[in-house]
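Student: Sequence and computational prediction follow.
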Amino acid sequence: MATNSRQLKDLLEIMVGFSTVSEARAFLQDLCTPKELESLSDRWRVAQLIDKGMSYRDIAEKTSVSTATITRVGRSLKYGEKGYHWALAQKKSSNSR
C-alpha cells in the first residue's frame, strides 16, 4: 500500500461505496487531472489487450501508449497484487450477462 495506508484505505472505502458509474466518474474527475485519468484509462486498456494475448509491440502501435507503460502493466499482471486479474474477471463476467 501507499506510504500513508490509512488515507489510502479511506479513499478505497469511498470508492467501493459508489452505486453508479456517474458517481464514480464525478469523483474521479474531481480527484484526478485529465492527464491522470488518461493514464489510468490507458493502463486499463493495455491490461485488457495483454489479457487478449496481443504483443507489446502491437499494443504500442494500436494505442500509442509508451512501451515503458505497457511493460509496467505486463509486470503488474505477472507479479502484482492480482488487482488487474480481478478487474479483468469482473469485466468478463459483466460482459457475459
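Tutor: Right, received. Where do you want to start? In this text the structure is predicted, and so the values were computed from the model without any measurement.
Student: Tell me, what's the model's pLDDT at the residue nearest the centre of the chain?
Tutor: In the chain, the residue lying closest to the centroid (C-alpha atoms, centre = their mean) is residue 44, at 3.8 Å. pLDDT, residue 44: 98.
Student: For the residue nearest to it when sequence neighbours are not counted, pull up the helix or strand it's in.
Tutor: Distances taken as C-beta to C-beta, 6 or more residues apart in numbering place residue 87 nearest to residue 44, at 7.6 Å, with adjacent residues excluded. To be clear about C-beta, it is placed using only N, CA and C from the backbone, and glycine gets the same treatment. In the assignment (DSSP states H and E), residue 87 maps to helix 83-95.
Student: That helix: which residues count as buried?
Tutor: Neighbour-count burial for helix 83-95, counted by 16 or more other C-beta atoms under 10 Å, picks out 84, 88.
Student: ditto for stretch 59-79
Tutor: 59-60, 65, 69-70, 73-74, 76-77.
Student: Got the domain ranges for the protein?
Tutor: Following automatic domain parsing, the chain resolves into domains at 1-31, 40-97.
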